[in-house]
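Participant: build me a model from this:
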Amino acid sequence: MRQARRFMLAGLLLGVSVMSFATDAPPPSLGAHVFLGQGEGLGVSPAVTPAVDTQATGSVFVVFNAGYSNNDSPPVDSYGNRWKALGHPLTYADYGDRFDVRAYVAVAGKGGPAHTVSIAKPGEPKGELSLPFVEVRNASRVQAFAQNYADKALIVASDDITVDGPATLLAFWWGDGGVKSMTATPGDGFQLIDAFVQLPDESGVQGAVAWRQVNAAGTYRVHWTVAPVQGAALWIIAIR
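Facilitator: Alright, predicted model coming up:
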């Protein structure tokens with residue numbers, strides 16, 4: 001009887017230990033990030049990001065391809081991750097069907113030193129293209145995302161997303177104005193981490209990336225204040 005009680009006690013302690021280990025798992029967090037911007041006529045194929053050091057396992061990676069619609073190849077990275085389209089392409093207003101922006105995600109991501117992402121450009125090899133690459137560490141899935149195209153305004157807003165616990169939120173702004181110098185400032189607790197808003201004389205695809213860490217369930221969105229006024233393709237993504 002005493003031996004049985006010892007086994008029961010050991011089992012209870014083991015259960016507490018496992019529960020403690022599960023609850024001590026680190027929350028998702030922002031990892032490495034980089035933004036490649038190629039100017040019109042200055043681009044090369046493939047477009048390759050500068051190298052960054054990412055986590056070996058346990059990350060979710062997000063990549064965007066913004067530029068000519070016929071440069072629509074999916075991303076390839078130096079660690080052989082599997083990339084999946086996130087949502088559908090958004091076509092830039094007032095440019096016909098020549099330009100669009102596409103999002104991709106890789107879950108259960110593999111990484112390491114000198115991690116790069118590349119996109120082949122079969123249609124316009126020298127054409128403008130913007131490619132942000134963002135890592136979220138200690139994450140396994142995209143819980144929610146929203147995409148919308150905002151009309152011209154001083155302040156443009158993403159659609160809402162809802163999360164059920166701690167998450168890393170990423171927000172992407174893709175302006176459509178025919179300007180070469182601008183500002184794009186996120187609100188709602190988001191912080192700017194990368195931007196390509198001072199374009200070369202040859203032009204380029206303007207974009208900005210922001211993030212926010214949230215520690216509780218809730219509904220979130222992001223407002224961008226932009227000067228000069230322009231419309232924009234917007235994404236907000238929650239990763240857990």
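
Participant: now the most centrally placed residue in the chain. Nearest residue, chain neighbours left out?
Facilitator: When C-alpha atoms, centre = their mean is applied to the chain, the residue found nearest the centroid is residue 62 (4.1 Å). Counting by C-beta to C-beta, 6 or more residues apart in numbering, residue 134 is the residue found nearest to residue 62 once chain neighbours are left out, at 4.7 Å. Placement of C-beta: from N, CA and C, glycine included.

Participant: need the next SSE after the helix or strand where the residue nearest to the centre of the chain lies, C-terminal direction.
Facilitator: Under the criterion DSSP states H and E, the helix or strand holding residue 62 is strand 59-68. Remark: after strand 59-68, the chain's next helix or strand is strand 76-77, criterion DSSP H and E.

Participant: show me what that next one is packed against.
Facilitator: Packed against strand 76-77 by the contact rule (3 or more C-beta pairs under 8 Å, 6 or more residues apart in numbering; DSSP states H and E) you find strand 117-119.

Participant: list the strands paired with the strand holding residue 62, with their directions.
Facilitator: Strand pairing for strand 59-68, using DSSP bridges, gives strand 99-109 (antiparallel), strand 129-137 (antiparallel).

Participant: pLDDT of it, averaged?
Facilitator: For strand 59-68, mean pLDDT is 98.

Participant: in contact with residue 209, which residues?
Facilitator: Residues near residue 209 by C-beta atoms under 8 Å, 6 or more residues apart in numbering: 33, 35, 132, 134, 170-173, 192-195.

Participant: ok, these vs residue 184, which is closest?
Facilitator: residue 173 (5.0 Å; C-beta to C-beta).

Participant: check what pLDDT that closest one gets.
Facilitator: Looking at residue 173, its pLDDT is 99.

Participant: which other helices and strands contact the host helix or strand of it?
Facilitator: Element membership for residue 173 (DSSP H and E) is strand 167-175. Packing partners of strand 167-175 (3+ C-beta pairs under 8 Å, 6+ apart): strand 59-68, strand 129-137, strand 183-186, strand 207-214, strand 223-239.

Participant: so what pairs up with the closest residue to residue 174 other than its chain neighbours in the strands?
Facilitator: Nearest non-adjacent residue to residue 174, counting by C-beta to C-beta, 6+ apart: residue 233, 4.1 Å away. Counting by DSSP bridges, residue 233 is bridged to residue 149, residue 174.

Participant: count of neighbours near residue 233?
Facilitator: 27 (other C-beta atoms under 10 Å).

Participant: likewise for residue 74?
Facilitator: With other C-beta under 10 Å as criterion, residue 74 counts 14.

Participant: what does the one 10 residues further on give?
Facilitator: The number of residues packed around residue 84, counting by other C-beta under 10 Å, is 12.

Participant: just checking, it touches residue 103?
Facilitator: No - Residue 84 is beyond contact range of residue 103, at 9.8 Å (criterion: C-beta atoms under 8 Å).

Participant: burial count for residue 179?
Facilitator: 15.

Participant: separation between it and residue 226?
Facilitator: Separation of residue 179 from residue 226 (C-beta to C-beta, to the nearest Å): 10 Å.

Participant: can you check residue 70 too?
Facilitator: Residue 70 is 28 Å from residue 226, by C-beta to C-beta.
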